[in-house]
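**Student:** Make a model of this:
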Amino acid sequence: MTRVAPAGSRLLQITDTHLFADPSAQLAGVNVEQRFEATLAAMTPWARTASGLLHTGDLVHDGSVAGYQRLRQRLETLALPGRVTPGNHDDRARLQSVFAGGRVTAERLLHLGNWCIVMLDSLVSGEVAGHLPARELTALADALAATDAAHVLLALHHQPLAVGTAWLDAIGLDNADALMARIAAEPRIRAVVFGHVHHAVDREVAGCRYLATPASAAQFLAGADQFTIDRSAPGFRWLDLLPDGAINTAVEIVAHD
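**Tutor:** Prediction:
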């Protein structure tokens, strides 16, 4: 795939950076800061032909303000309007405070061409699994009612469907049926992007794509019954959101030391 500008709007997704206040800290045997910087460097040429950026959760691992501040500063170098949403390792209040303004924010909506991206918050403080409370489902309904966009993409941290990795499927979105019902009732929703699973997913259910991306931190072994680290490289996803509602997308694997 070349980095030629698409016919529609190009969106970049990064997820599960798991930064710490201490840039030298390691998680699952890898330096997450170094892997994030390698991922950011690989994304930079793609950003020149992109229109937007998403981070789908677990921005930091320790809930630190310093980690959020450093992440925001580095993401801003891509010079793209971006949105972030929390994962189970995030501190919602600190995330929202640090990402309250600028190019990359914790705002709910991002409009790109005739697409509307809606960010959903599945964080349950103190829990690993996710949940979409009534306020999030109402916010989604309100966003759908208010936008005249022809196509919609949803983004959240926790996976709303089984990915075939048993231990991860046990800690996904615990009220996925509620979200799936909303998706089934709204044909403009063309895709759902998420993190949490630390490996790539690309599935289609009833005309809607479900897409996950490798972490910029350590990967999890797809298909494993128990927690298992996959020593593969980090990655990010590009999505070309086309005017007719189609999506061209792939994961880019990042070379790193």
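**Student:** Could you pull up phi and psi at A47?
**Tutor:** Backbone torsions of A47, given as degrees, to the nearest 10, read phi -60, psi -20.
**Student:** no, scratch that, I was asking about P243
**Tutor:** Here P243 shows phi and psi, under degrees, to the nearest 10, equal to phi -60, psi -30.
**Student:** Neighbours of it, how many?
**Tutor:** 13 (other C-beta atoms under 10 Å). C-beta coordinates here come from the backbone N, C-alpha and C atoms, glycine included.
**Student:** Excluding sequence neighbours, find me the nearest residue to it.
**Tutor:** In space, and not counting its chain neighbours, P243 is closest to G8: 5.4 Å by C-beta to C-beta, 6 or more residues apart in numbering.
**Student:** can you check S51 too?
**Tutor:** Nearest to S51 is S9, by C-beta to C-beta, 6+ apart, at 4.2 Å.
**Student:** Repeat that for A206.
**Tutor:** A184 is the one closest to A206 (C-beta to C-beta, 6+ apart), at 6.3 Å.
**Student:** which outside residues touch the helix or strand that contains that neighbour?
**Tutor:** Following DSSP states H and E, one finds A184 within helix 176-185. The set of residues external to helix 176-185 that reach it, using C-beta atoms under 8 Å, 6 or more residues apart in numbering, is 120, 132, 137, 140-141, 154, 160-161, 173, 189, 192, 205-206, 208.
**Student:** just for the stretch 101-250 of the chain, where's the confidence low?
**Tutor:** Across the stretch 101-250 of the chain, nothing is flagged by pLDDT under 70.
**Student:** And stretch 21-34, how far out from the chain middle?
**Tutor:** Offset of stretch 21-34 from its chain centre (C-alpha atoms, centre = their mean, to the nearest Å): 20 Å.
**Student:** actually stretch 155-174, not the one I typed
**Tutor:** Per C-alpha atoms, centre = their mean, the centroid offset for stretch 155-174 relative to its chain is 13 Å.
**Student:** Could you check it and say which residues are buried?
**Tutor:** 155-161, 163, 165, 168, 171-174 (16 or more other C-beta atoms under 10 Å).
**Student:** What of stretch 115-128?
**Tutor:** W115, C116, I117, V118, M119, L120, D121, S122, L123.
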